[in-house]
Structure formats: C-alpha cells, structure tokens
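Trainee: give me a 3D structure for the following:
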Amino acid sequence: MKNVKIVTDSSVTIEPRLLEELDITVVPLSVMIDGIIYSDDQLSGEEFMNLMENSETMPKTSQPPIGLFVDKYEELASDGSEILSIHITHILSGTAEAARQASNLAKAEVTVIDSGFIDQSLAFEVIKAAQMAKEGKSMNEIVAEVNRVKENSRLFIGISSLDNLVKGGRIGRATGLISNILNIKAVMELTINEGLISVAKGRGTKTFSKWFTELKDQLLKTPNIRAIGISHADGLEIAEKFRKELQNLFPDMSIPVLHTGSVVATHTGKGAFAIMYYTD
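Mentor: This next block holds a predicted model:
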C-alpha cells in the first residue's frame, strides 16, 4: 500500500504545531493590497488586518497558480506516495478547481477534495486525513472519512459589518446598505450546497449573544460532538467570551481560538468571528 500525503491551502486555520506533527503541506493563496501582491504565508492574521485597515481599496485574494500545485505534487510524490489535496469551498475560491487541473498535469497520483468549507472546518477534514495517513490507512479509507466529516460539519460566521461581503459580491448591495444604516449585525451559516445563508440578524451585539445562547442549547442536544473551533478577525474579545462558555459545557474538549487568515478576513471584515464543529 502506498503512503498518502496531505496537501491543503492557506485558507485553512490550524494550530501551527499540527502542520509539523502531521506532515501537512500548505499551498499559499495570494492577496493583493493597494497593488502589492503578498503570498498568504508571508502575513500573519494580525499583520493582514493592519494592512487591510489602512488600505485604500478592498484586498483581493487569488488562488494558487496551477503550476505551483503541479510542482508541489510532483515533489511530494517523488518517493512514490499518493497525494490527497483538500481545499477551500468552490463557493469562495477557484482553488479546488486549480488543484484538479494540476492533478491532471502532474506526474503523480492525486485525489482532490472540495472541502465545502474554510478555516477550521477545512482543518477538521485535513487533520482527520493526516491522522489516518500517519496510521497507514488507504486513500479510499481516508477519502470516505473526510467526506463523512464534511457531511457532519457546521460553520457559523458572525459579521459586524457587511461592507466587505457586499463589495466582494457575496451578498446583495441593497442588503448591505440597509444593514449599515441600521447597524445590523448578522450571523450566517456557510453551507455546502447553498453557500452563505442568513440565520440571525438584528441591531447591536445583542444579536450575537442571543444567537449564541440558542447555539449552546443546540449543542447540548447534539450527540457525539468531536471538535469545536473558534476563529476571529481582530475579534478576540468576543471569541474568548464564547470559548469560555463553550468550555464550561465541554470541559474535556480542547477548543482552539485562532486568528483567521486573509481569505476569510477579506470577506468578513474586522470584528468577525466563526464557530464551527463536527459530529460523528
């Protein structure tokens, strides 16, 4: 049986130690800010937020070049390994399609999966795949388990301002204008089939608190929760508040709070947070 190596992209939000421990390869997207192009791995989340806040125009993110994927696949497969490449949802990026095209060009056995998600929900799939690869599981076994994780994942995003989503074309301009005038906050769910859908909205941060109370009730009724992650875009205060409350509910679970990267922050803007989980 051939070894399986795991590749993902920089839209993933994951604890750095796990990348090394699980031998995960990350192919960077790029981001352009005021005409300057940065490789996504050049900027920490905090550095990106600072650049975005002071930029004259909204940043633009770009998928990795197909050639970069080809080179990486062939390098990793040089010892005869197979490659499993797991990427950001096609709803937000063309990265998975670029990876698929590269898989047809590379002199390597490559399987590409559209994760359906981003951030730590993408990490759930990548971590599971990497753990199984280290255990010597076959490609078919790993792919089946990754798809199971995907089907049992949920990702919620709290957004303080809809400006970036409107400018990026992810929601209608009229919705964004109305929300800004009324100081409306929104919670959206990123779904595999429908993209971003609204699950709560209202004036002020009480919107987030009310929704979070409902989420906690939902989680308490949900069996076999395997992992919970919280990410934020310069919104550490609310992210930590939610973590503490979730930790009280799940005292034996490690719940990371991580700053998201440029891809998520570009779409959500400053002050956003995300809570995601998956079940058996």
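Trainee: nearest residue to the middle of this structure?
Mentor: Against the mean C-alpha coordinate of the chain, by CA atoms, centre = their mean, the closest residue is Asp119 at 1.7 Å.
Trainee: which pLDDT value goes with that residue?
Mentor: For Asp119, the pLDDT comes out at 97.
Trainee: so what's it closest to, chain neighbours aside?
Mentor: Spatially, and ignoring its direct neighbours in sequence, Asp119 is nearest to Thr13 (4.4 Å; CB to CB, 6 or more residues apart in numbering). In short, each C-beta sits where N, CA and C put it, glycine included.
Trainee: got the contact list for that neighbour?
Mentor: Applying CB atoms under 8 Å, 6 or more residues apart in numbering to Thr13 gives the contacts 119-120, 122-123, 229, 231, 258-261, 264.
Trainee: in terms of helices and strands, where is the closest residue to Glu97 other than its chain neighbours?
Mentor: Among residues not flanking Glu97 along the chain, His90 sits closest, at 6.5 Å (CB to CB, 6+ apart). For His90, there is no enclosing helix or strand under DSSP states H and E.
Trainee: quick check: Phe273 touching Ile230?
Mentor: Yes: at 6.7 Å, Phe273 and Ile230 qualify as touching, with contact defined as CB atoms under 8 Å.
Trainee: need the residues touching each of these two.
Mentor: Joint contacts of Phe273 and Ile230 (CB under 8 Å, 6+ apart) are 239, 242.
Trainee: the two - which one has more neighbours?
Mentor: Neighbours were counted for Phe273 and for Ile230 using other CB atoms under 10 Å; Phe273 has more, 28 against 25.
Trainee: pretty sure the more buried one belongs to a strand, no?
Mentor: Yes: under DSSP: H, G, I helix; E, B strand; the rest coil, Phe273 falls within a strand.
Trainee: mind listing what it touches?
Mentor: By CB under 8 Å, 6+ apart, the residues touching Phe273 are 157-158, 208, 230-233, 235, 238-239, 242.
Trainee: try 6 Å
Mentor: With contact taken as CB atoms under 6 Å, 6 or more residues apart in numbering, Phe273 is in contact with 158, 232, 235, 238-239.
Trainee: just the ones of those residues in helices?
Mentor: 238-239 (DSSP state H).
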